[in-house]
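J.: dropping a prediction and its sequence here:
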Amino acid sequence: MTSEAEKGKVEISIFNRFVVAAGLNCQAVEKQSPKDGKPDLKCLIDGKITFFELTEACSEDLAKALANEENLGNNTTSRIRDYTSETYTRKINKRYAVNAPINLLIYNVGRTILSDDVLIENIRAIANKNKGQFSKVWYFGQQVIEI
């Protein structure tokens, strides 16, 4: 398991790549403490404070199998599920202790078994009914999509 500081560095790195790909005007970004009930990142975008919660589009089974390469050849990989829709549902049910807008950024670094198109459609089907506290939901894989 990675430390919160290491996780923060990864999140900021992914977020910075997202900002460039999305063409957002981000003047500042800082990691927030999950203990305070805040989303992952606090940003200044177009002069306004906006928070971002980040989550990876990831099959936990695939991530575990990739971490333990000896599992790649046995029947463990045949039981792989994709958890992105479940993760999205958990995120929209979470409550954050901030008053500024919150965006959800779902990013894909290749640890999922479904294509971006399938993941986006699965998330869109839920997001059309419920975005929770999020003012915007973004998907960042091969391209940037606002869902």
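T.: Sure, I can see it. Numbers count the residues shown, from 1 in each chain.
J.: all contacts plus neighbour counts: C-alpha atoms, from now on.
T.: OK.
J.: what about residue 15, distance to residue 38?
T.: 16 Å (C-alpha to C-alpha, to the nearest Å).
J.: and the closest residue to residue 98 other than its chain neighbours, how close does it get to residue 90?
T.: Using C-alpha to C-alpha, 6 or more residues apart in numbering and skipping residues adjacent in sequence, the residue nearest residue 98 is residue 38, 6.4 Å away. From residue 38 over to residue 90 the distance is 15 Å, taken as C-alpha to C-alpha.
J.: what's the answer for residue 29, then?
T.: For residue 29 relative to residue 90 (C-alpha to C-alpha), the value is 24 Å.
J.: how about residue 147?
T.: On the measure of C-alpha to C-alpha, residue 147 and residue 90 end up 17 Å apart.
J.: just want the phi and psi numbers for the closest residue to residue 140 other than its chain neighbours.
T.: Distances taken as C-alpha to C-alpha, 6+ apart put residue 107 closest to residue 140, at 4.6 Å, once the chain neighbours are dropped. Note on residue 107: its backbone torsions stand at phi -120, psi 150 [degrees, to the nearest 10].
J.: what is the burial count for residue 107?
T.: 23 (other C-alpha atoms under 10 Å).
J.: and it, what pLDDT?
T.: Looking at residue 107, its pLDDT is 94.
J.: my guess is it contacts residue 142, does it?
T.: No - counting by C-alpha atoms under 8 Å, residue 107 does not reach residue 142; the two are 9.6 Å apart.
J.: list the beta-bridge partners for the residue nearest to residue 140.
T.: residue 56, residue 140 (DSSP bridges).
J.: dump the residue contacts of it.
T.: Each residue near residue 107 by C-alpha atoms under 8 Å, 6 or more residues apart in numbering is listed here: 14, 54-57, 139-141.
J.: make it 6 Å
T.: 56-57, 139-141 (C-alpha atoms under 6 Å, 6 or more residues apart in numbering).
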